[in-house]
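# Quick check, what structure comes out for this input:
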Amino acid sequence: MMFQRLCSLAVQWKSTSAPVQTVYKRHQGKLRLLDLIGRPISTSWRTRKDGAESIPAEKLDLDIWKSVMKSQAMHAERKGEENLTPNPETEPSLLEANRELVEMWHQAGKFVPKNITDEQLEVLSGLTTKSGKKKFLKYLAIKEGHKISKKEKQEKKKSERNLEADMESDRDEGDSLKNTFMLKFWSHSMDKLLNWRVAQAMRFGQPLVYDMSYEQHMSQREIENTVSQLLETEGWNRRSVDPFHLHFCNLQHNGAYFRELLKRYGTETWERMLITTTARRHVDVFPLESLVYLTADSPNVLHKFDHSKVYVVGAMVDRSIHSGISLANAKRLRLATARLPLDEYLDWDSGAKNLTLDQMIRILTTVKETGIWQKALEFVPKRKHSGFHQQRDNRTETKSRMLVDQEENWEKESKRRTQKSHDISQESAFPGEIHLPSRVQNALKIKSDGQRIGRDQRNWWEDK
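The predicted structure follows:
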């Protein structure tokens, strides 16, 4: 069929005129394009096999097609997200960048610490200015230097003690007792005894509250000093004969106090501490009428220690001395206030009457055991006062007695001189001679000698 159609077309082409053929040749490409457009398009291809019939085309399943397209789209989105998210292996974090900066400054010879923790790096990353970062690194370097020097001194002292112990053991090796009924008192036995006392105090002892609600009034360095004093406070209380039951109230678990305490003690030691810690206020733990807030700004004086009261001490180190903060806090909570009788017993020289936390615990434990303020106030630093009032009265009495003795000696000496001049006047050979006191005679003699010297020193023209 196709061959017959081509033959007919060739016969028709020969019978056409020459002008028609030239026009056809000129627009031959366009006519072929129109011919292709006008033909029907087949959407299926037929495959012919030897000795087999043609197989019909399979229909397209839309559900399968949609699932395939969705999976391809999700894969493309995941790939785009992986490209957008930074890779920690390729891109360094902010802490690593700050660590590299510190190492670079250390190699450049700047005053920065050799070792820096992740917490310090977080604080460093929070600083925006370069001067602030330099000041913080300088503070860390100074602190690290103090730690290194302190550690070196401790190691030196430890080596000296070990050497002395070895020498003493060698010296006493020959005459030491090999068999004795005396048992050696070990240090862990003493620790058990002290812990047992504190455990009894937690059960039956008098409470002593430390108010930990002053974080906003102190800097980071002041908070560290406060925690250091709290550590000494716990040690002095544990070694006392009748210890207090210590309570740390208003201690927030996400606060600066708790982080510093956990850093100093360690997690295991802090969990084994015989101290009651709570985030509640002291007014919510104890009855309001039993609380007494100890503050140096109170007008009330604590003349007698009351064993039935619960005394509250503000856990604060205030170097700038903002007076009245603890008193205002106590008045806001409507608590009774009191101050130590420093003016009543001590001759206070100058300065504020604020004492450290370790000094307070030593004063309170002593007055609790003895009831004598003179003995308890011996723990006040001597640089702040010139002694007790009784000692001052004794010094004043001694000084007045010395003055009286000097006056008596002067009167005796004057009487002796008067009696001597009277005796000389009686023994004189010239009855008409007038005898003056020795002071007047000395003055007249000096005056007459001056007149004579003045006459001798006249100028030469005055003589002529």
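
# what stretches of the stretch 1-150 of the chain score poorly on pLDDT?
1-61, 65-66, 68, 75, 77-92 (pLDDT under 70).

# and if you look at the stretch 201-350 of the chain?
For the stretch 201-350 of the chain (pLDDT under 70), the answer is 318-322.

# just the helices in it please.
220-239, 256-265, 267-271, 282-285, 325-332, 342-345 (DSSP state H, counting those that start in this stretch).

# could you check the angle helix 220-239 makes with the helix ranked longest in the chain?
In the chain, assigned by DSSP state H, the helix with the most residues is helix 130-171. Counting by axes from the mean of the first three to the mean of the last three Cα atoms, to 10 degrees, helix 130-171 lies at 30 degrees to helix 220-239.

# Report all helices and strands that helix 130-171 contacts.
Packed against helix 130-171, as judged by 3 or more Cβ pairs under 8 Å, 6 or more residues apart in numbering; DSSP states H and E, are the following elements: helix 118-126. C-betas here are computed from N, CA, C, even on glycine.

# Next, the buried residues of the helix it packs on.
Along helix 118-126, these residues count as buried under the neighbour rule (16 or more other Cβ atoms under 10 Å): 120-121, 123-124.

# Taking those, tell me the two that lie furthest apart.
Leu121 and Val123 (7.3 Å; Cβ to Cβ).

# Relative to Asp166, how far out is the closest residue in space to Ser240 that isn't next to it in sequence?
Closest residue in space to Ser240, ignoring its immediate chain neighbours: Thr365 at 4.3 Å, by Cβ to Cβ, 6 or more residues apart in numbering. From Thr365 across to Asp166, the span is 38 Å (Cβ to Cβ, to the nearest Å).

# Tabulate the buried residues of helix 118-126 (CSV), appending distance to Gly132.
Listed next are the buried residues of helix 118-126 as CSV, based on distance: Cβ to Cβ, whole Å:
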residue, distance to Gly132
Gln120, 14
Leu121, 14
Val123, 10
Leu124, 9
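
# Out of those residues, which is nearest to Arg280?
For these, the nearest to Arg280 is Val123 (29.7 Å; Cβ to Cβ).

# can you count the residues close to the nearest residue to that closest one once chain neighbours are set aside?
Excluding the flanking residues, the one nearest Val123 by Cβ to Cβ, 6+ apart is Phe136, at 6.9 Å. Neighbour count for Phe136, taken as other Cβ atoms under 10 Å: 17.

# Could you do Thr366 as well?
Thr366, neighbours per other Cβ under 10 Å, totals 19.

# before we move on, what SS does it have?
Three-state call for Thr366 (DSSP: H, G, I helix; E, B strand; the rest coil): helix.

# show me the contacts for it.
372, 375-376, 379 (Cβ atoms under 8 Å, 6 or more residues apart in numbering).

# Could you report the distance from it to Met360?
With Cβ to Cβ as the criterion, Thr366 and Met360 are 11 Å apart.

# the strands in this structure, which residues?
Applying DSSP state E to the chain gives strands spanning 207-211, 245-249, 276-277, 291-294, 310-314, 336-338, 346-348, 385-388.

# any idea which of the buried residues of helix 118-126 is closest to Glu144?
Gln120 (10.4 Å).

# Is it correct that that closest one is in contact with Leu140?
Yes - with contact defined as Cβ atoms under 8 Å, Gln120 counts as touching Leu140 (6.2 Å).

# most neighbours, which of the contacts of Thr366?
Busiest of these [other Cβ under 10 Å] is Ala376, holding 22 neighbours.

# where does the stretch 351-464 of the chain have low pLDDT?
351, 390-407, 417-464.

# okay, Leu163: pLDDT?
Leu163 is assigned 88 on the pLDDT scale.

# how much space between it and Lys157?
11 Å.

# mind listing what Leu327 touches?
Counting by Cβ under 8 Å, 6+ apart, Leu327 has contacts 293, 295, 297-298, 337.

# make that Thr370, sorry
With Cβ under 8 Å, 6+ apart, Thr370 has these contacts: Ala376.

# and if you look at Glu155?
Glu155 neighbours (Cβ under 8 Å, 6+ apart): none.

# Return the distance of it relative to Ser187.
Glu155 is 20 Å from Ser187, by Cβ to Cβ.

# Next: Asn250.
Taken as Cβ to Cβ, the span from Asn250 to Ser187 is 35 Å.

# So which of those two has more stuff around it?
Asn250 (20 against 7).

# Pop out the phi and psi values for the more buried one.
phi 60, psi 30 (degrees, to the nearest 10).

# Based on its surroundings, how many neighbours for Gly132?
12.

# list the contacts for Lys353?
296, 339-340, 342.

# do the same with Gln374
345, 388.

# gap between it and Arg161?
37 Å.
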